[in-house]
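Visitor: Pasted the sequence and its predicted model underneath.
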There are 2 protein chains.
Amino acid sequence: MNDRTIKLKDIARILSVSESTVSRALRDHPRISLATRKRVKTLAEQLDYMPNQVARNLQNRHMNAIGVVVPKLSYYLYAQAISGMEEVAEQLGYNIIICQTNESAEREQAIVQELLSTRIAGFIISLSSATVNFEHFAKIKGRKVPLVFFNRECEDIHTDRVIIDNFGVAQKAVEHLINSGCKRIAYFGGPMEVQISNRRLEGYTAALAAHHFPLNSDYIVHTEFNPESAYQAADHLLRLPQPPDAILAFSDQFAYTLYRKARELGIAIPSELSLIGFNNEPATSLLLPALSTVDQPAYAMGKTAAEILFQQIQRPKDYYRAQTKILQSQLVLRGSTL
Amino acid sequence: MNDRTIKLKDIARILSVSESTVSRALRDHPRISLATRKRVKTLAEQLDYMPNQVARNLQNRHMNAIGVVVPKLSYYLYAQAISGMEEVAEQLGYNIIICQTNESAEREQAIVQELLSTRIAGFIISLSSATVNFEHFAKIKGRKVPLVFFNRECEDIHTDRVIIDNFGVAQKAVEHLINSGCKRIAYFGGPMEVQISNRRLEGYTAALAAHHFPLNSDYIVHTEFNPESAYQAADHLLRLPQPPDAILAFSDQFAYTLYRKARELGIAIPSELSLIGFNNEPATSLLLPALSTVDQPAYAMGKTAAEILFQQIQRPKDYYRAQTKILQSQLVLRGSTL
DNA sequence: TTGTACGCGTTATCAT
DNA sequence: ATGATAACGCGTACAA
């Protein structure tokens, strides 16, 4: 920061008024005469004065920024969701500090600690896939710092959350597969610790049960969120003696991997293998055949999460009931299903 | 922020030492006895004391955060680049405040103003496509706040920049198209104001000139960064009486649009139309045929930009020479070219 | 080795 | 309608 930055004191000295008058005038305090307000503002404009937010924040006891903690920015869903948060934060004059955990629990803890120290006004968090210990979240709540989970949540913590209906839409997807005549339906999911993956698994299970399909553990796959693991798992699944004739994948990225593997093995989509992904990423509609997928309201999820967070921030802290907001997602059927 | 937050004063009172001693002890000041250092740290640990970064920042005259201003987070390149910046910032204990301009010049100005007021330690910026006025950048420099441009830069401002060799790699791409027998080669670029698009256009032009190809203005397309504009432009280009038999696209996203249009019009890739994109997005290798593209060192670009920024931040401000770092990108040839 | 006193830039409280 | 003063929480020059 340059030393020649204009501050309240400078304006006050020049106009021969007190600093408090300047401070108030700039913020349109009603008890300052219109005349001085005008004088102050004009000079401030001329000198290109900008209030020092750090000093303001020290007074406020917290920063005019919220912390957003996500697994990876390059996951399409998070980039979208963050845009939704920005829309809200911008209007209230808040900045967004974004941190990626890269699916590491340790990194997540360190980030939370760091952001607490930074005195951000609140957290919006989507868990890393490796997170199994929740003390850092408890610490946030313990310090009465507002916290909202979105997408990947943590049931053990009593706070607001914004999620989609993972169970329902997975169920719907599997029912479509059943209705289109598929007999051996698999679920290609994320790590066992990931809530939303398990919710989708439950939807899958429920759909099978409702139609009296047997549950085959060979058809339930858990894999890490990296291309290599997914590739190995895909190889194993599609080389089974009785390979599946339909797969619900946890993400479009996983579905991409399954496309790859299916092509390698000469398995035709959708005649021999139906495929449904999750996220409706931009390129899904370009694949041949185009990928059927679940369109998630990522932007709305981010926006809603931010709105709820600011409710928490602005509400008196003593009294509030945690709410869970469930947004609907949409099954988009394209060429990869019958 | 909770009122019962532990501060230096509390620790000092409990241990009957002065606040400064606590302050110094916590930061391992050598002139504090090992014994008291130990005592202080133990108690701080017990009470789960966390230094108030806002107060520290007020002292330091700037925040322990840098501002990153990009057009859109959902552009793959920026998500990648930000990961690179994070790696650097994390080690130095800095946060990253990310703002999207959504390709709006007004938004960019507002963001810069806001971040200046927040007293961030420095800026890393990639211009919006609509930016034609550079006063906000001049203001940053005027206030001696460190600034590094990356990817999309601004030549009028004397500061550091990290870019790729847009000219060279575009030239190389077009030469490949020429060598593979293409005769009517088009460039499908971004808005006229976008530096890097124009650089690539120059590379395109140079390659054509070197091989004594005529320059046909019908084959030089400028379009906005939204799917609709791109779609219209693609339609126009591919319906020309003499349609191109090869296209260098500014981005993979544009290339996707060209795939779509080519399929609609029944134009075969690559036999009737060769296609090269930019960015090497994950799905490019999955298309049929797979998209040839330019792989950009996005992560390295972000990392380098951050490294240079922190050099500026830590160096005495009086003396430094602006540097321009040019990173090499790689032509990746796949099925969409002959 | 430790303590005192002041400053960082702003806002809130209490006067006037 | 305006001013003086303290406070926000920490770091540091100067003392001791």
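Guide: All right, it came through fine.
Visitor: Just the closest residue of the stretch 151-300 of chain A to DNA strand C, please.
Guide: A:Asp160 (26.8 Å; C-beta to the nearest atom of the strand). (Each C-beta comes from the backbone N, C-alpha and C, glycine too.)
Visitor: Might one say that that residue is in contact with A:Gln323?
Guide: Yes. Taking C-beta atoms under 8 Å as the definition, A:Asp160 is a contact partner of A:Gln323 at 5.4 Å.
Visitor: Spit out the residues that contact these two alike.
Guide: Between them, A:Asp160 and A:Gln323 share these contacting residues under C-beta atoms under 8 Å, 6 or more residues apart in numbering or on different chains: A:Ile308.
Visitor: If you count surrounding residues, which of those two has more?
Guide: A:Asp160 (23 against 12; other C-beta atoms under 10 Å in any protein chain shown).
Visitor: Got the domain ranges for chain A?
Guide: Chain A breaks down into these domains under automatic domain parsing: A:8-51, A:62-164+A:298-327, A:166-296.
Visitor: Mean pLDDT and distance to B:Glu228 added to these, as TSV?
Guide: Formatted as TSV, these follow (pLDDT from 0 to 100; distance: least, C-beta to C-beta, whole Å):
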stretch	mean pLDDT	distance to B:Glu228
domain A:8-51	94	38
domain A:62-164+A:298-327	94	18
domain A:166-296	97	14
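Visitor: okay, those domains in CSV with distance to DNA strand D next?
Guide: Below are those laid out as CSV (distance: least, C-beta to the nearest atom of the strand, whole Å):
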stretch, distance to DNA strand D
domain A:8-51, 3
domain A:62-164+A:298-327, 8
domain A:166-296, 35
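Visitor: Pull out the buried positions in whichever strand or helix holds A:Thr21.
Guide: Taking DSSP states H and E as the definition, A:Thr21 sits inside helix A:19-26. By neighbour count with 16 or more other C-beta atoms under 10 Å in any protein chain shown, helix A:19-26 contains the buried residues A:21-26.
Visitor: Over to stretch A:27-35?
Guide: Within stretch A:27-35, the residues scored as buried using 16+ other C-beta under 10 Å are A:Ile32.
Visitor: does any bit of it sit next to DNA strand C?
Guide: Yes. Contact of stretch A:27-35 with DNA strand C (C-beta under 7 Å from any atom of the strand) involves A:Arg27.
Visitor: about what we covered before: so does the helix holding A:Thr21 get close to DNA strand C?
Guide: Yes. Counting by C-beta under 7 Å from any atom of the strand, DNA strand C has neighbours in helix A:19-26: A:19-20, A:23, A:26.
Visitor: List the contacts of that helix.
Guide: Contacts of helix A:19-26 (C-beta under 8 Å, 6+ apart): A:8-9, A:11-12, A:15, A:31-32, A:36-37, A:39-41, A:44, A:49, A:51.
Visitor: circling back: in CSV: the buried residues of helix A:19-26, plus distance to A:Pro244.
Guide: Converted to CSV, these look like this (distance: C-beta to C-beta, whole Å):
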residue, distance to A:Pro244
A:Thr21, 75
A:Val22, 71
A:Ser23, 68
A:Arg24, 70
A:Ala25, 71
A:Leu26, 66
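Visitor: wait, which of the domains of chain A is closest to B:Val132?
Guide: Closest to B:Val132 of the domains of chain A, according to C-beta to C-beta: domain A:8-51, at 21.6 Å.
Visitor: quick one, phi/psi of the closest residue in space to A:Asn280 that isn't next to it in sequence?
Guide: In this structure, A:Asn280 finds its nearest non-sequential neighbour in A:Asp295, 4.0 Å apart by C-beta to C-beta, 6 or more residues apart in numbering or on different chains. Main-chain torsions, A:Asp295, degrees, to the nearest 10: phi -80, psi 120.
Visitor: check contacts around A:Asp295.
Guide: If you count contacts by C-beta under 8 Å, 6+ apart, A:Asp295 has them with A:279-280, A:329-332.
Visitor: Show the buried residues in those.
Guide: Counted by 16+ other C-beta under 10 Å, the contacts of A:Asp295 give A:279-280, A:329, A:331-332 as buried.
Visitor: Can you flag which of those belong to strands?
Guide: A:331-332 (DSSP state E).
Visitor: Reformat the contacts of A:Asp295 as TSV; add distance to B:Gln171.
Guide: Below are those laid out as TSV (distance: C-beta to C-beta, whole Å):
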residue	distance to B:Gln171
A:Asn279	37
A:Asn280	37
A:Ser329	45
A:Gln330	44
A:Leu331	46
A:Val332	40
